[in-house]
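Visitor: output the structure for:
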Amino acid sequence: MYKLVLSDFTMFVVLKTKMNFKMKGVIKLCAIALFAAVVCGGCTMQDGSKSVTERATLELSQYAVELSNEAQAATPLVTVETNQDVVKVQSLAPDWVEAKYLNKKIYISAKPNLSGVKRTTNLLVFAGTEFDIIKVTQKGSTLFLKVSPTEISVPANGETLLIDVKSNGEDWKFEVEEQSEEWLSVTRINDFLQIMVAPNTASHQRRGHIYVELRGTSPVEINVAQQAFNNGARFGLPLLEKKPTKHAIIDYEKKQGSYVVKYDDENYGSPLDIPYIVFLYASPVFKSVTYYIVEATKSIHQIEMVSNDAKTLMSDEFIQTLIDKGFEIKKKKGSQNYEGVSQQLGFKVVVEIKELKESKVIFTPLGA
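Guide: Numbers count the residues shown, from 1 in each chain. Alright, predicted model coming up:
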């Protein structure tokens, strides 16, 4: 099949003739068109290609090219057959693939495809009035998903940490197992997972699981283990030192999972009219603990623990906790209250039971 290729001047003559002689026959119109083509036979294109009266030809050795995911240096991948002196090649995705024509060859170069998804674009090839398309496809890299660390140990008072997630996939997702959602709060921040672990007030260690997933790869499991309150003890006891610094007290209680709710170092508004620090206690048994400090001697005057659980304070379990701490317990006849002394620690303990009110466990330094 042949194509009739006319110059702009030829088309102008044809249209002008058609407008002036539209009533005349088609044969005469074609004759005028052919005459105009002969007149313009010596014309050439501005880009230096051959006469437009010679039909431009363009044949490519292949019309689809597949590249690996690796970087591609300029390589002759397509052979061009044309009767034109000038051939131009244009990439529709110059950000990752480029092409140029040289000595009847099209050289194609590409940047590495680091993603796990193949990408496709077209190269446009021009030769005179002819053009064609080469489809270029580059393979994606092998999908990978790396998460670090995947084994996490968190103290009882909780912690906020970042998990590094590396992947070449379009999008990875995460999921927190349902039973861990109450104490594990997870947020994606770019290529990281921010994990906020709430304080553990229970007497047993707890474990949570987070799953990171990328379609086409195996899911990665993050295991979070949080220590039990007071190393597994149900009852957290205060810092039993006679002259601890205020910083030492705060640091100790923080590790226990307790929070400072009041710190009065100047305005002595406490019941004992001396400086004091009040903590919201992490133990499920105690409501709060207050350290009363004698400013002159920098020593402990009294430590008072408040509880609404009188039954537990009378239990053998709590009494055994005091005994294990070194206290020799003595129960008072006719009373639910009891007390004990630890010569090793240098403290006396008094347990005041009030079933309908707040019960108290009071520690006082010996000799105070």
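Visitor: buried residues, stretch 208-220. List them.
Guide: Residues of stretch 208-220 classed as buried under the neighbour-count rule (16 or more other CB atoms under 10 Å) are 208, 210, 212, 214, 217, 220. In short, each C-beta sits where N, CA and C put it, glycine included.
Visitor: what stretches of the stretch 1-150 of the chain score poorly on pLDDT?
Guide: Applying pLDDT under 70 to the predicted model, the residue ranges of the stretch 1-150 of the chain that meet it are 1-53.
Visitor: what segments of it are strands?
Guide: Counting by DSSP state E, counting those that start in this stretch, the stretch 1-150 of the chain has strands at residues 58-60, 64-67, 72-82, 87-91, 97-102, 105-110, 119-127, 130-138, 145-148.
Visitor: check what contacts the fourth one and list those residues.
Guide: Which is strand 87-91. When contacts are taken as CB atoms under 8 Å, 6 or more residues apart in numbering, the neighbours of strand 87-91 outside the stretch itself are 80, 97-101, 106, 121, 123-127.
Visitor: now it, how far from the chain's geometric center?
Guide: Mean C-alpha position of strand 87-91 versus that of the full chain (CA atoms, centre = their mean, to the nearest Å) differs by 42 Å.
Visitor: pairing partners for that strand, with directions?
Guide: Strand 87-91 has its sheet partners listed here by DSSP bridges as strand 119-127 (antiparallel).
Visitor: before we move on, back to that, wait, which of the strands of the stretch 1-150 of the chain is closest to residue 302?
Guide: With respect to residue 302, and counting by CB to CB, the nearest of those is strand 145-148 at 48.5 Å.
Visitor: who does that closest one pair up with?
Guide: Based on DSSP bridges, the pairing partners of strand 145-148 within the sheet are strand 159-167 (antiparallel).
Visitor: strand partners (parallel or antiparallel) of whichever helix or strand comes after the partner strand?
Guide: The C-terminal neighbour of strand 159-167 among helices and strands, as given by DSSP states H and E, is strand 173-176. Partners of strand 173-176 in the sheet, by DSSP bridges, are strand 206-213 (antiparallel).
Visitor: got the CA positions of the partner strand in PDB?
Guide: This file holds the C-alpha atoms of strand 206-213, laid out as PDB (Å, rounded to 0.1, in the frame of the first residue of the first chain):
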ATOM      1  CA  ARG A 206       2.600  -9.300  79.300                       C
ATOM      2  CA  ARG A 207       3.300  -9.900  75.600                       C
ATOM      3  CA  GLY A 208       2.000  -8.100  72.500                       C
ATOM      4  CA  HIS A 209       2.400  -8.700  68.800                       C
ATOM      5  CA  ILE A 210       2.500  -6.300  65.900                       C
ATOM      6  CA  TYR A 211       2.500  -7.600  62.300                       C
ATOM      7  CA  VAL A 212       4.100  -5.700  59.400                       C
ATOM      8  CA  GLU A 213       2.900  -6.800  56.000                       C
END
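Visitor: I'd say residue 119 and residue 135 touch.
Guide: No - Residue 119 lies out of contact with residue 135 (CB atoms under 8 Å); the separation is 11.7 Å.
Visitor: neighbour count for those two, which is higher?
Guide: residue 119 (17 against 13; other CB atoms under 10 Å).
Visitor: check contacts around the more buried one.
Guide: 93, 96, 113, 137, 138, 140 are the contacts of residue 119 under CB under 8 Å, 6+ apart.
Visitor: same deal with residue 71?
Guide: Applying CB under 8 Å, 6+ apart to residue 71 gives the contacts 110, 111, 112.
Visitor: buried ones from the residues you listed, can you make that a ChimeraX selection?
Guide: Buried subset of the contacts of residue 71, written as a ChimeraX selection, criterion 16+ other CB under 10 Å:
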select :110
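Visitor: need the contacts of residue 71 in a markdown table (columns: distance to residue 262).
Guide: Conversion of the contacts of residue 71 to a markdown table gives the following (distance: CB to CB, whole Å):
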| residue | distance to residue 262 |
| --- | --- |
| 110 | 67 |
| 111 | 62 |
| 112 | 61 |
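Visitor: just the CA atoms of the strand or helix carrying residue 186, as CSV, please.
Guide: Taking DSSP H and E as the definition, one finds residue 186 inside strand 184-189. These are the backbone C-alpha positions of strand 184-189, laid out as CSV (Å, rounded to 0.1, in the frame of the first residue of the first chain):
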residue,chain,number,x,y,z
LEU,A,184,0.2,-0.8,72.6
SER,A,185,-0.4,2.4,70.5
VAL,A,186,1.3,2.2,67.1
THR,A,187,1.7,5.0,64.5
ARG,A,188,3.5,5.0,61.2
ILE,A,189,6.0,7.9,60.7
